[in-house]
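In: What follows is a predicted protein model with its sequence.
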Amino acid sequence: MAESESLETITEHERILQEIESTDTACVGPTLRSVYDDQPNAHKRFMEKLDARIRNHDREIEKMCNFHHQGFVDAITELLKVRADAEKLMGQVSDTNRRLQDAGREVTAQTEEVIRCRIQQRNMATTVEKLQLCIPGEMTRYYSALKTMEQLENIYIPRVSQYRFCQIMAETLPKLREEIKEISMSDLKDFLESIRKHSDKIGETAMRQHHCLMHCHRKCSFNLVGFLFKVLTAQDLVDFSPVYRCLHIYTVLGDRETFENYYRKQRKKQARLVLQPQSNMHETVEGYRKYFNQIVGFFVVEDHILHATQGLVTRAFTDELWNMALSKIIAVLRTHSVSPAHTLVPTESEHCRGCIRSLMQGFDIPLSFSLRCALARQQFPKKLPMLQQRPPYFLFNLYFSSTEIDDMLRKSTNLLLTRTLSSCLQNLIKKPHIGLTELVQIIINTTHLEHACKYLEDFITNITNVSPETVHTTRLYGLSTFKDARHAAEGEIYTKLNQKIDEFIQLADYEWGMAESDGRASGYLMDLINFLRSTFQVFTHLPGKVAQTACMSSCKHLATSLMQMLLDTELKQISMGAIQQFNLDVMQCELFASSEPVPGFQGDTLQLAFIDLRQLLDLFMVWDWSTYLADYGQPTSKYLRVNPSTALALLEKMKDTSKKNNIFSQFRKNDRDKQKLIETVVKQLRSLVNGMSQHS
């Protein structure tokens, strides 16, 4: 029994020793405690067993050390031999490090100098670019130059006033302003000389158009047509931009009164020259005609200036010129009409006076001219010899039935509307100088003219007593004529708006490799939005559908242009900072769309114009490729409007940027992981694009 118990104790001690050798030191305490909890004197036998185990391990260690002793000695010997070489290498490394530091110090200094020079070059280029705006030699940018000089004088020069070149600029700015005034005044003088030379042509055109108008008036009393003729005359033959530009410049410079006085003084001089007849004027009909044409041309121009500018020409000034003209005309006619030898000439001149009287009334000239012309007309024969040899005009109507007269009136009116008036309107709409405001006015005018066609129809019916419901009655084309003109003007509005948006887009100057955004929207885009906002305020006078269509068309064109800019094949690299900057600009577009620039849109209809851009930018800003790839093709996808080919094209640009952005990026784990992610997403997008092409 004792032997059996001793064997169990020995086995237990072996187990405890194995646990001590193999387990963590934290567990040794409980293991040793089991020795003392065993039979009496068990710990003594355990200590004997432990000593035997230690001696056994010591012998094994000694054998191992004896076996490796010679190798250890050899290693120490080799290490002692390398010591000298290591010290020599250490010296060489220290020397190389010192020389490298010296060379790097010079390179660093040169690099800092290069950076400083490049900053100076960039500042110089920016300064030159801004100063170019101040050069008055650019013929159509006077106002821009003045605004820039004002900003320089009030904002920028005071910040750097300690530099000598700024003092020189400050001294030069007043001289530049005077140069701008002189150049604009020179343009005005050229304008005055031009209208002086061409006043007879202007008057001739006005008289001819008025004669056509009166012919139409005798047939259909279509007074509204006269308005269109009057608008076309002055603007088609004369470029008034020098007057507007010079007036604006003098107003900005606070010298408007000087300009007004000069203009009125010069026009008074020109009026006296126009009213002075040629010595041989009374000898030919053409002499009288040219004389009257010059007078008409002069007052046509003044009428346009009166209505196109605010205060440059007043009604009192025009009346003063007209009263002077009346006195001179009457004196001239009395002087040159005393001889009865040329009865045809005064007869013709009487006809011209009648046209002038009627035309001037159309331009709001005082009706006293009619009375005074009647006094002057008493010297001329009341009966014309040629008139006695032909029947009065109304006798021709005796040979036609009322139906035939009605048919002739309607056909003549249709010819006027479809050929003359429609052609004038179409040509006017297509003229390059016609702006958005003018197109809006044309739409308003044609709308009223379209409504007036009913009254024209009633007027012809009242004259001829022929019902428009008669089977063979000719229908008037006025409704379709004005409707077509209005639609053409609407289409031109959409085209011009898109062209203006393209002009702003061309000013975009994104730094596609920027590290981070500026934190604010781009200047060109804010200018574009301000332009659209002010333009759509003018559109409140248009029919609702036209204004809404123009607004929606503009937003869609803007969104398409921005998308094309982002996906341009010539753009090879885009950084995340550039994406962030672009996102700020698109956010401004969305805010503009949500501000209801044109009333009548339901919900977020206008914002949907930018939905493709918004989802594409959100995908890249959040870097949410797992969601995009997992939900692709699902109708509830968060990025439903993002085409895989579009996403792939933009991601390829960012992949190239990530590769070349930093030569050490491949050694950083985050950059390596990002590159791997981009390459993985690119492969999956390519497979989606290939699948779409195969499916199609």
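Out: Arrived safely. Residues are numbered from 1 along each chain as shown.

In: how's the chain carved up into domains?
Out: 39-133, 174-336, 402-487 (the TED database).

In: how about residue 184, what does it touch?
Out: The contact partners of residue 184, by Cβ atoms under 8 Å, 6 or more residues apart in numbering, come to 142, 242, 245-246, 249-250. C-beta: built from backbone N, CA, C; applies to glycine.

In: do that again at 6 Å, thanks
Out: By Cβ atoms under 6 Å, 6 or more residues apart in numbering, the contact list for residue 184 reads 245-246, 249.

In: one step back: out of the domains of the chain, nearest to residue 649?
Out: Of all the domains of the chain, it is domain 39-133 that lies closest to residue 649, at 31.0 Å by Cβ to Cβ.

In: can you give me how far that closest one is from the chain middle?
Out: Relative to its parent chain, domain 39-133 has a centroid offset of 62 Å by Cα atoms, centre = their mean, to the nearest Å.

In: low pLDDT regions in the stretch 1-150 of the chain?
Out: By pLDDT under 70, the low-scoring segments of the stretch 1-150 of the chain are 1-9, 23-41, 131-141, 143.

In: how does it look with 80?
Out: Counting by pLDDT under 80, the low-confidence segments of the stretch 1-150 of the chain come to 1-46, 127-148.

In: wouldn't residue 195 be in contact with residue 301 here?
Out: Yes: using Cβ atoms under 6 Å, residue 195 is in contact with residue 301, at 5.5 Å.

In: related to what we said a few turns ago, relative to residue 650, which of the contacts of residue 184 is nearest.
Out: Within the contacts of residue 184, distances to residue 650 taken as Cβ to Cβ reach their minimum at residue 245, with 44.9 Å.

In: Run through the stretch 151-300 of the chain and note the low-pLDDT ranges.
Out: Residues of the stretch 151-300 of the chain that meet the criterion pLDDT under 80 lie in 165, 206-238, 279, 281-285.

In: where along it do the helices fall?
Out: Counting by DSSP state H, counting those that start in this stretch, the stretch 151-300 of the chain has helices at residues 164-220, 224-237, 241-252, 256-275, 285-308.

In: what comes into contact with the third one?
Out: This points to helix 241-252. Applying Cβ under 6 Å, 6+ apart, the contact partners of helix 241-252 are 142, 146, 184, 187-188, 191, 256, 259, 312.

In: so, if you compare the residues you listed, which one comes nearest to residue 59?
Out: Using Cβ to Cβ, these come closest to residue 59 at residue 146, 105.9 Å.

In: hang on, the earlier thing: quick one: closest of the helices of the stretch 151-300 of the chain to residue 465.
Out: Closest among the helices of the stretch 151-300 of the chain, using Cβ to Cβ: helix 164-220, at 15.6 Å.

In: quick one: the closest one to chain centroid distance?
Out: Remark: helix 164-220 is offset 29 Å from the chain centroid, using Cα atoms, centre = their mean.

In: try stretch 259-266
Out: Relative to its parent chain, stretch 259-266 has a centroid offset of 37 Å by Cα atoms, centre = their mean.

In: related to what we said a few turns ago, so residue 195 and residue 301 - more neighbours on which side?
Out: Taking neighbours as other Cβ atoms under 10 Å, residue 195 and residue 301 compare with residue 301 leading, 27 against 24.

In: wait, what's in contact with that one?
Out: Neighbour list for residue 301: residue 195 [criterion: Cβ under 6 Å, 6+ apart].

In: Just the C-alpha atoms of stretch 401-417, please, in PDB.
Out: Output in PDB follows, covering the C-alpha atoms of stretch 401-417 (Å, rounded to 0.1, in the frame of the first residue of the first chain):
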ATOM      1  CA  SER A 401     -68.500  95.300-105.700                       C
ATOM      2  CA  SER A 402     -68.300  95.400-101.900                       C
ATOM      3  CA  THR A 403     -67.100  91.800-102.000                       C
ATOM      4  CA  GLU A 404     -64.300  92.600-104.400                       C
ATOM      5  CA  ILE A 405     -63.300  95.600-102.300                       C
ATOM      6  CA  ASP A 406     -63.300  93.400 -99.200                       C
ATOM      7  CA  ASP A 407     -61.200  90.800-100.900                       C
ATOM      8  CA  MET A 408     -58.700  93.400-102.200                       C
ATOM      9  CA  LEU A 409     -58.400  95.000 -98.700                       C
ATOM     10  CA  ARG A 410     -57.900  91.600 -97.000                       C
ATOM     11  CA  LYS A 411     -55.300  90.500 -99.600                       C
ATOM     12  CA  SER A 412     -53.400  93.800 -99.400                       C
ATOM     13  CA  THR A 413     -53.400  93.500 -95.600                       C
ATOM     14  CA  ASN A 414     -52.200  90.000 -95.800                       C
ATOM     15  CA  LEU A 415     -49.400  91.000 -98.100                       C
ATOM     16  CA  LEU A 416     -48.400  93.800 -95.600                       C
ATOM     17  CA  LEU A 417     -48.400  91.300 -92.700                       C
END
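
In: and that stretch, average pLDDT?
Out: Rounded to a whole number, the mean pLDDT of stretch 401-417 is 79.
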